[in-house]
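Q: Return a 3D structure for these sequence lines:
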Amino acid sequence: MGKVRDIMEKNVITIEQDKSALDAARLISEKDISFLVIVKDGIPTGVVSERDFVRKVVVNDKQASKIALSEIMSFKFRWVEPSTTIEEAVQKMLNNNIRRLIILENNKLVGVITQTDLASFLRSKLLIDGTVKNLEKDDS
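A: Next up is the predicted model:
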């Protein structure tokens, strides 16, 4: 079916771990994305999502400018390598009930895939497969 490298987003937006929750929220808003990869000295250390802001900042009526990003980020994140099959990546996402996977190669961040990326890929594959089947029918 293909490898993760075939569908991963290579231009990953990151933020340093020592920034504030407000810095992260502004970056998420500015880039119109739903999450950030948190790095320390260029190495991924976690992720923060819009959901984290709602659950850990807004609900508790905290002031984002006074909260360290490390207080709301998830240090536990799932990752795969670019050579991982798309099927394996999908299974890992389903097994862990997660919406995105970080792609690491030699411990360096090289990409990310999300549920949206997977849905787009599968939609394209289904359309192509359907077209091929229709062409085969026409040839017979």
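Q: what ranges do the strands span in the chain?
A: 14-16, 35-40, 43-49, 79-80, 100-105, 108-114 (DSSP state E).
Q: tally of neighbours for residue 75?
A: 10 (other CB atoms under 10 Å). From N, CA and C alone the C-beta is placed, and that goes for glycine too.
Q: How about the contacts made by it?
A: 45, 46 (CB atoms under 8 Å, 6 or more residues apart in numbering).
Q: What does the pLDDT read for it?
A: Here the pLDDT value assigned to residue 75 is 92.
Q: quick revisit: so which of the strands of the chain is nearest residue 26?
A: Nearest to residue 26 among those is strand 14-16; the distance by CB to CB comes to 9.8 Å.
Q: Okay, buried residues for the closest one please.
A: Residues of strand 14-16 classed as buried: residue 15 (neighbour count, 16 or more other CB atoms under 10 Å).
Q: hmm, back to that, got the strands of the chain as a markdown table, with distance to residue 60 and mean pLDDT columns?
A: Output for those, formatted as a markdown table (distance: least, CB to CB, whole Å; pLDDT from 0 to 100):
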| stretch | distance to residue 60 | mean pLDDT |
| --- | --- | --- |
| strand 14-16 | 21 | 97 |
| strand 35-40 | 20 | 96 |
| strand 43-49 | 15 | 95 |
| strand 79-80 | 29 | 96 |
| strand 100-105 | 24 | 96 |
| strand 108-114 | 27 | 95 |
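Q: Which of these sits closest to residue 2?
A: Among these, the nearest to residue 2 by CB to CB is strand 108-114 (11.4 Å).
Q: what about residue 69, neighbour count?
A: Residues near residue 69, counting by other CB under 10 Å: 23.
Q: just the one 10 residues further on next, same as before
A: The burial metric for residue 79, expressed as a neighbour count using other CB under 10 Å, is 16.
Q: cool, and residue 123?
A: For residue 123, using other CB under 10 Å, the count is 10.
Q: repeat for residue 32
A: For residue 32, using other CB under 10 Å, the count is 6.
Q: and the most centrally placed residue in the chain, how far is that from residue 29?
A: Residue closest to the mean C-alpha point of the chain, counted by CA atoms, centre = their mean, is residue 100 at 3.5 Å. The spacing between residue 100 and residue 29, counted by CB to CB, to the nearest Å, is 18 Å.
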